[in-house]
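Peer 1: next come a sequence and a model predicted from it.
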Amino acid sequence: MRKVISTAICAVITAGGTALFAQQGFVPAPTGVRLAERWRPADATGETRVIGTVIDVRQVPVAYAKVQLRDLVTSVVEQEATADANGAYEFKLIDPSTYVVEMVTVDRYVVALSNAGSVGRYETLHTTVQLSGRWSNGRVVALNNVSDYFGMSSQATMTAATLELAADMNIAAADPGEPVSP
């Protein structure tokens, strides 16, 4: 009698579990196929990419800049490209890794780097390569030479030049604050 009751209870539990899976739309994986190989994010384009822009110190795009993608794990330059007229570039990748984008001159000298970042499969890493000065005639031109400010009056200091540049570019202070004496 006990055996009949335990068999009946197992049959009810199995039937209830099957009905529960059927209500949830559970479909078992086909035999011999691993789910990890078939999974892809719903919004994935199927590509792993590094995209971004090259800009100078004034936030102006650097047109047709030469850029290269370096894998920081292996230290190997994986790809090279030329930015478009708006300074935008794109690299399509096969292997996820940690990358940095470098702007190079025609002579292959690195003049600026992007932020480094890791990218996984089916992800897009957004980067920005920002120069330390203006881009002019194939070279970086600093806005001001720091050594020009030593031994000068207060009107020729770096702070005065920065304030003058901000006024010329119509950049207002986020919080002008109040002068406080120490």
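Peer 2: Thanks, I have the structure now. Residues are numbered from 1 along each chain as shown.
Peer 1: buried residues, whichever helix or strand Trp135 is part of. List them.
Peer 2: Assigned by DSSP states H and E, Trp135 falls within strand 134-136. Buried positions in strand 134-136, judged by neighbour count with 16 or more other Cβ atoms under 10 Å: Trp135. Where you see a C-beta, it was placed from the backbone N, CA and C, and this is true even at glycine.
Peer 1: in its sheet, what does it sit against?
Peer 2: Using DSSP bridges, strand 134-136 pairs in its sheet with strand 139-141 (antiparallel).
Peer 1: what sits up against the strand it pairs with?
Peer 2: Applying Cβ atoms under 8 Å, 6 or more residues apart in numbering, the contact partners of strand 139-141 are 56, 105, 111-112, 131-135.
Peer 1: may I see the buried residues of it?
Peer 2: Neighbour-count burial for strand 139-141 flags Val140 (criterion: 16+ other Cβ under 10 Å).
Peer 1: before we move on, what about stretch 98-108?
Peer 2: For stretch 98-108, by 16+ other Cβ under 10 Å, it's 99-104.
Peer 1: just stretch 69-81 next, same as before
Peer 2: Within stretch 69-81, the residues that qualify as buried are 69-71, 78-79, counting by 16+ other Cβ under 10 Å.
Peer 1: closest to Val60 out of the buried residues of stretch 98-108?
Peer 2: The closest of these to Val60 turns out to be Met103 (Cβ to Cβ; 13.9 Å).
Peer 1: number of nearby residues for the closest residue to Gln130 other than its chain neighbours?
Peer 2: Counting by Cβ to Cβ, 6 or more residues apart in numbering, Gln130 lies nearest to Ile55, which is 5.4 Å off, once chain neighbours are set aside. The number of residues packed near Ile55 is 18, by other Cβ atoms under 10 Å.
Peer 1: follow-up on the earlier one: among the buried residues of stretch 98-108, name the ones in helices.
Peer 2: Assigned to helices by DSSP state H, none of the buried residues of stretch 98-108 qualify.
Peer 1: just for this structure, where's the confidence low?
Peer 2: Within the chain, the segments meeting pLDDT under 70 span 1-2, 4, 6, 8, 10-46, 143-163, 171-182.
Peer 1: alright, that wraps it up for me.
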